[in-house]
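S.K.: kindly generate the corresponding structure for this input.
(chains A and B)
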Amino acid sequence: MCTGSSVSDASFGPNVKILNSNSQIVELQTIIRDKNTSRSDFKFYADRLIRLVIEESLNQLPYSDCSVETPTGAIYDGLKYRSGNCGVSIVRSGEAMEQGLRDCCRSIRIGKILVESDADTHVAKVVYARFPDDIARRQVLLMYPIMSTGNTVLQAVNVLKEHGVPEDCIILSNLFCTPIAAKTVVGAFPQMKILTSELHPVAPNHFGQKYFGTD
Amino acid sequence: MWSVGKMSASKKHTSFDPPSSASSDSDVNDRHDLEPLLIDHVGANGICNGSTDGHGVDYCCPASPTTVPAKTARSNSSESTVRPPRTARQRQRTTSMSQKTSNPSESIIRANNRTIYTAGRPPWYNCAGQQVEPFVIGICGGSASGKTTVAQKIIESLDVPWVTLLSMDCFYKILNDKQHDQALQNEYNFDHPDAFDIDLMIDVLRKLKEGRKVEVPIYNFITHSREPTTKTMYGANVIIFEGILVFHSPEVLKLLDMKVFVDTDADIRLARRLKRDISQRGRDLEGVLKQYSTMVKPSYANYIAPTMVHADIIVPRGGENKVAIHLIVQHVHTQLQLRGFKLRETLANSYIGEPMPDSLHLLPTTPQIKGLHTFIRNRETSRDEFIFYSKRLIRLVIEYALSLFPFTPVTVETPQGVTYEGQRLACKRICGVSILRAGETMEQAICDVCKDIRIGKILIQTNQVTGEPELYYLRLPKDIKDFKVILMDATVATGAAAMMAIRVLLDHDVPEENIMLVSLLMAEIGVHSIAYAFPNVRIVTSALDPEINEKFYVIPGIGNFGDRYFGTEPSEEYIS
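M.R.: Numbering: from 1, shown residues only, chains lettered A, B, ... in the order given. All right, here's what the predicted structure looks like:
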């Protein structure tokens, strides 16, 4: 069976997958991390990386075999994705990934979660969540580009679980992840799939600010 | 001041078609789009004639281009109301032409100032992608001996799809002010070997013989300088080079595969010249005779007649000599057959069961890619969905293609205060070239991933009769040789069109290793053919299909990608 173009990271178990790295992906990461990158370049290259991560996340969704007849009259043995998926973005930086998902799945439903960290205690707290009614029956693509501690994601997944989404039906799409965050999240939700483009001790925390231009 | 241009151009087109070559900029502009330039050309070639010498064939060959003094010219235009209307027209002495397009009005579509030719250039290389050396015919002879008529008769009888006709007139030297004045006084010797830029001539001819693209100068006989624009020409199956001193240079002689001397009686030539210069160019008898006796005749005796010894065939009486023309044509046919041009069928029947070449880069077959293929291959898929899913697939293919370019390590500073060891693309100059029409569907994706990328286009169509690909149009970025080129076509079946496009890029001096052919779907045979012919061209695709059918569609395939994308499929009733 096809496994997509990502590999599992052995130290975090089979459910943490890293996009197959090549020089081009490293270039995108380099531009995003470079402090001298202009905002227009930043957004352009971030969108490219997001698109690649989203495409790879979609590879994690369940599918079944499907044969079709081509215009030449021959049969092509392809496959078909199940319907009943949805996206959930974590406000604000997760919303940067919504367009990438829309570009791949035109009419997909997208829910939102707003998690805020208390300025003093750093405790993350969900202040807003809005999902499709039947989210419990769907595969959920949870979008959040930067994970440094993993706390925000923990809260978001908790909310999803409260709404009846099984842990193994959640796929986390992420661009940059620290090993600490990966460890925290996997420890809390071993059944959830995590897809990232890079595991690196320093996360580019300026992502949301620069992407939306509020720095 | 030359008001004769317009009426002329449309009047008579018996002899020379507009080039149905795939033309680059200069050629398209100067020939078809711009009225002022057209007028200029009429002037440039002397006031041309429209004289039909009994056979309905123009033989206006200003072997010694004569300059009409400015005064005369002016008086002419006022006189032209009393004279019978002159049928001056643009004379295309240097042109690449296709035998099949006898009627220019049928072979050209004009839209938005662009000219598209409906008869294209067939393959000029064999099935290994290598140049097949064209057959070069040199035609020499005195002024007004009928060289052009002979050339034209040969082209008519040859019935080969592609002939390039190059005239020595293009290589006249640029005159300085003094020489320019001499020319106005009929005292500059245009019949002397020194009047020609022999080095440039050799260079152009050699490149044509190698099948390369050349810029041929356009000589302006009014200013005695070269036009700022040039005419782009390509080597063809047959190249004909004609002029009064074609056999003069030993270097040129070496390049000629066949040498023809047109030997027409001196008094006939003088009679033609008198008729042409006096009745069509409004010059006086005295001036013409002076030029003839002081320059044209001595030059013929000194420089032209002695070169007759080099000729393989001497054609007495010029174009009327049917037997001689027939002999020449037969010989050329034999030579061309020995060189061989049949392509597509040869490609489709080779390489069965061979392992795939190293230059092939197949995208990892992820479930998404297979799912996307399922959508776009399904005949039931609506066009809306077809476009959407093919765009997604194209984006993935383009991203993958870019990752194959060389990168260099860099260290950057991050806002987090640590440095980051990253990579940057090593080549800054990348351009896309799409093979019309299906390749164009990939342009958007490449623009979405490469900021400000330049895009070139090549139009190649399959000739419905021969099944061979033909080149119709191309427009490429300047200095394309300095770019890494991503060549895009949605599907590759036999690879014939892609090979032609690659050949075009090579002819524009793009190194083979800088070319990457990118497509959504390829047939194994196409990959083999391309990899065999061009081992250094990288081939990128998202799927490989094993077969092609008798219509050269890939099996199981996508169908006609361009038709499905652009919505131009033939309707059901039309098929049945």
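S.K.: if I look at A:Val202, how far off is A:Ile18?
M.R.: Distance, A:Val202 to A:Ile18, using Cβ to Cβ, to the nearest Å: 16 Å. C-betas here are computed from N, CA, C, even on glycine.
S.K.: between the two, which one's more packed in?
M.R.: Between A:Val202 and A:Ile18, A:Ile18 has the larger neighbour count (other Cβ atoms under 10 Å in any protein chain shown), namely 19 against 15.
S.K.: give the contact list for the more buried one.
M.R.: Contact analysis of A:Ile18 by Cβ atoms under 8 Å, 6 or more residues apart in numbering or on different chains lists A:Ser6, A:Val7, A:Ser8, A:Asp9, A:Leu195, A:Thr196, A:Ser197, A:Glu198, A:Leu199.
S.K.: helix or strand, whichever it is, which one in chain A has the lowest mean pLDDT?
M.R.: Every helix and strand of chain A was ranked by mean pLDDT, DSSP states H and E. The lowest is strand A:6-8, at a mean of 75.
S.K.: so after the helix or strand encompassing A:Ser64, what's the next helix or strand?
M.R.: Counting by DSSP states H and E, the element that carries A:Ser64 is strand A:63-69. Going down the chain from strand A:63-69, the next helix or strand is strand A:75-81, by DSSP H and E.
S.K.: report all helices and strands that that following strand contacts.
M.R.: Judged by 3 or more Cβ pairs under 8 Å, 6 or more residues apart in numbering or on different chains; DSSP states H and E, the packing partners of strand A:75-81 are strand A:63-69, helix B:367-377.
S.K.: quick one: secondary structure of the closest residue to B:Leu436 other than its chain neighbours?
M.R.: Excluding its sequence neighbours, the residue lying closest to B:Leu436 (Cβ to Cβ, 6 or more residues apart in numbering or on different chains) is B:Leu459, at 4.2 Å. Put simply, B:Leu459 is strand when judged by DSSP: H, G, I helix; E, B strand; the rest coil.
S.K.: what's the burial count for B:Leu459?
M.R.: What B:Leu459 shows, counting by other Cβ under 10 Å, is a neighbour count of 22.
S.K.: that one against B:Tyr473, yeah?
M.R.: Yes - using Cβ atoms under 8 Å, B:Leu459 makes contact with B:Tyr473 at a distance of 3.9 Å.
S.K.: so where's the longest helix in the chain?
M.R.: As the question left the chain open, I've gone with chain A. helix A:39-58 (DSSP state H).
S.K.: not what I meant, chain B
M.R.: Per DSSP H, chain B has its longest helix at helix B:383-402.
S.K.: so, low pLDDT: which residues of chain A?
M.R.: Scanning chain A for pLDDT under 70 picks out A:1-5, A:10.
S.K.: which residues of it fall in helices?
M.R.: Using DSSP H, helices in chain A cover A:23-33, A:39-58, A:98-104, A:151-162, A:179-188, A:207-212.
S.K.: so which of the ones you listed gets nearest A:Leu114?
M.R.: With Cβ to Cβ as the criterion, A:Leu114 lies closest to helix A:151-162 of the helices of chain A, at 9.5 Å.
S.K.: so where's the stretch 351-500 of chain B shaky on pLDDT?
M.R.: For the stretch 351-500 of chain B, residues meeting the criterion pLDDT under 70 lie at B:351-354, B:464-467.
S.K.: contact residues of it facing chain A?
M.R.: B:364-368, B:370-371, B:373-374, B:377-380, B:388, B:392, B:395-396, B:399, B:402-403, B:405, B:407, B:410, B:412-416, B:418, B:420, B:422-425, B:449, B:451 (Cβ under 8 Å from any Cβ of the partner chain).
S.K.: which among the contacts of A:Ile18 end up buried?
M.R.: Buried by 16 or more other Cβ atoms under 10 Å in any protein chain shown: A:Ser6, A:Asp9, A:Leu195, A:Thr196, A:Ser197, A:Glu198, A:Leu199, out of the contacts of A:Ile18.
S.K.: is it true that the first one touches A:Asn20?
M.R.: The reference is to A:Ser6. Yes - shown here, A:Ser6 and A:Asn20 form a contact pair, counting by Cβ under 8 Å, at 5.7 Å.
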